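Student: sharing a model prediction with you, sequence too.
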Amino acid sequence: MSHVSPDFVERFRACLSDLKRVAVTESGSPFVVAGAGTLAMEMALVNLVGRGERLLVVSQGFFGDRWAQLAEAFGISCDLVQAEWGQAVPPETLRERLAAGSYRAVAMTHVDTSTGTAAPVEDYCELLRGRDELSILDGVCATAGMDERFDLWGLDVLITGAQKALGAPPGLAILLASPRAMEARRARDDVPAYSADLLRWLPIMDDPGRYFSTPPVNAIVSLHEATRIVLEEGMEERFARHRRTARAMRAGLEALGVELFTDEDRAADTLSVVRYPAGVDDAAFRTQMARSGIVVAGALGPIAGQAFRIGHMGNIGAGEVCRTLQSIERSLGRLGREVRRGSAVAAAGPHF
Ligand SMILES: *Cc1c(COP(=O)(O)O)cnc(C)c1O
């Protein structure tokens, strides 16, 4: 399909409009460009926060810390508030920081995929309401899997990628910017970016028939199909299904006697982080899993080798959860752990 064909232009336009419905925004401007979540993070910062200006980062893990690394790369002065891994930064801590000083922007992470924590982002946003700081939210592991309300929460930027809870193939940086964020971009003449400059992309997002740099046709057509699936299911039902899936998965895991890494009341609906029982080797376990066709991820940062991560976001349901639990049960058994056969699926079942 040609990137200038009327068919593609129409799909691109429809995809952008679908993304606004996913994030529940009338006024936000959607951007979709070739890249991934990290590029969307970078675009948010370079367009809105200048060298030497102050950024506050509220982090609950590896991806939250990435905001600080990006800030450093661009000479942005960064205050980093970190939660202990597996927990979230209490809103009270943000309140204190904001009382002690002002910032150009505050960067937050909805679900940190390294720790499985869902932060109380609605509370953070409430604290930012009426203030001058721009609110920037990383929704990569949450958008379209957990409730996010761009307009209602007063967000200035929401970023995500195609490949997580939206359930599309990887390859896209996705960003929504509020009118205030666009105004803040227009007020700058020092943006250290060319193909990551929101203003260069804006005319294309308004009319995808125009040219700035060739769009990744296949990825955008796939994303459009993904947003169509999301909206066909309905946001409320989709969030409810993610919640059921998470509960079922964790009930099954608990039945196997493994320990969850994340604080129970902060555990995300989109993934689970599981501690290895004593004596179970990370690589050996994941090799066993892969043999039955199930791929789980290793852990990152300080808990690498001590835990594994199961994504249960996107278009998955009871079938995938049960097969995954069976595979975990079998893999643990083969690695010498005592497990009661069938116990995980039996515990998960009632949650669907
Ligand atoms: C995956 C992820 C990212 C990075 O996205 P990439 O598409 O891998 O660049 C950033 N933030 C969170 C919360 C993520 O889960």
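Tutor: Arrived safely. Numbers count the residues shown, from 1 in each chain.

Student: buried sites along stretch 247-254?
Tutor: Residues of stretch 247-254 classed as buried: R247, A248, M249, R250, A251, G252, L253 (neighbour count, 16 or more other CB atoms under 10 Å). From N, CA and C alone the C-beta is placed, and that goes for glycine too.

Student: so which of those residues belong to helices?
Tutor: R247, A248, M249, R250, A251, G252, L253 (DSSP state H).

Student: of those residues, which is the nearest to A346?
Tutor: Of all those, G252 has the smallest distance to A346: 8.4 Å, by CB to CB.

Student: torsion angles phi and psi at the residue in the stretch 151-300 of the chain that the ligand sits nearest to?
Tutor: Closest residue of the stretch 151-300 of the chain to the ligand, CB to the nearest ligand atom: G161 (3.7 Å). Dihedral pair for G161: phi -120, psi 170, per degrees, to the nearest 10.

Student: what of R241?
Tutor: phi -70, psi -40.

Student: can you tell me the element A14 falls in?
Tutor: Taking DSSP states H and E as the definition, A14 sits inside helix 6-22.

Student: summarise which helices and strands the helix or strand just after that helix is packed against.
Tutor: Following helix 6-22 in sequence order, the next helix or strand is strand 29-34 (DSSP H and E). Secondary-structure packing of strand 29-34 (3 or more CB pairs under 8 Å, 6 or more residues apart in numbering; DSSP states H and E): helix 6-22, helix 37-48, strand 172-177, helix 198-206, helix 217-233.

Student: what residues does the shortest one touch?
Tutor: The list of residues contacting strand 172-177 from outside it, by CB atoms under 8 Å, 6 or more residues apart in numbering, reads 19-20, 23, 25, 28-40, 43-44, 143, 150, 155-162, 166, 185, 198, 216, 219-220, 223.

Student: show me the contacts for the closest residue to R228 other than its chain neighbours.
Tutor: The shortest distance from R228 to any non-neighbouring residue, by CB to CB, 6 or more residues apart in numbering, is to D18 (6.7 Å). The neighbourhood of D18, defined by CB under 8 Å, 6+ apart, consists of H224, T227, R228, V230, L231.

Student: where does the chain get nearest to the ligand, residue-wise?
Tutor: G37 (2.5 Å).

Student: in this structure that residue contacts D138, no?
Tutor: Yes. With contacts counted by CB atoms under 8 Å, G37 reaches D138, the gap being 7.4 Å.

Student: who's more crowded, the two?
Tutor: Neighbours per residue (other CB atoms under 10 Å) separate G37 from D138, with D138 holding more: 31 against 26.

Student: over to that one: give its phi and psi.
Tutor: D138 adopts backbone torsions of phi -80, psi 110, taken as degrees, to the nearest 10.

Student: and it, what does it touch?
Tutor: G37, M41, F63, G64, W67, A107, M108, T109, H110, I159, T160.

Student: let's go with 10 Å and repeat that
Tutor: With contact set as CB atoms under 10 Å, 6 or more residues apart in numbering, D138 has these partners: 37-38, 40-41, 44, 59, 63-64, 66-67, 107-113, 119, 121, 157-161.

Student: which of the residues you listed fall within helices?
Tutor: Short answer: the contacts of D138 in helices (DSSP H) are G37, T38, A40, M41, A44, F63, G64, R66, W67, V121.

Student: which residue, other than its chain neighbours, is closest to the residue of the chain closest to the ligand?
Tutor: G161 (3.5 Å).

Student: I'd say that neighbour and V33 touch.
Tutor: No. When contacts are counted by CB atoms under 10 Å, G161 is not listed as touching V33 (11.4 Å).

Student: who touches both of the two?
Tutor: With CB under 10 Å, 6+ apart, G161 and V33 have common neighbours L39, A40, L172, A173, I174.
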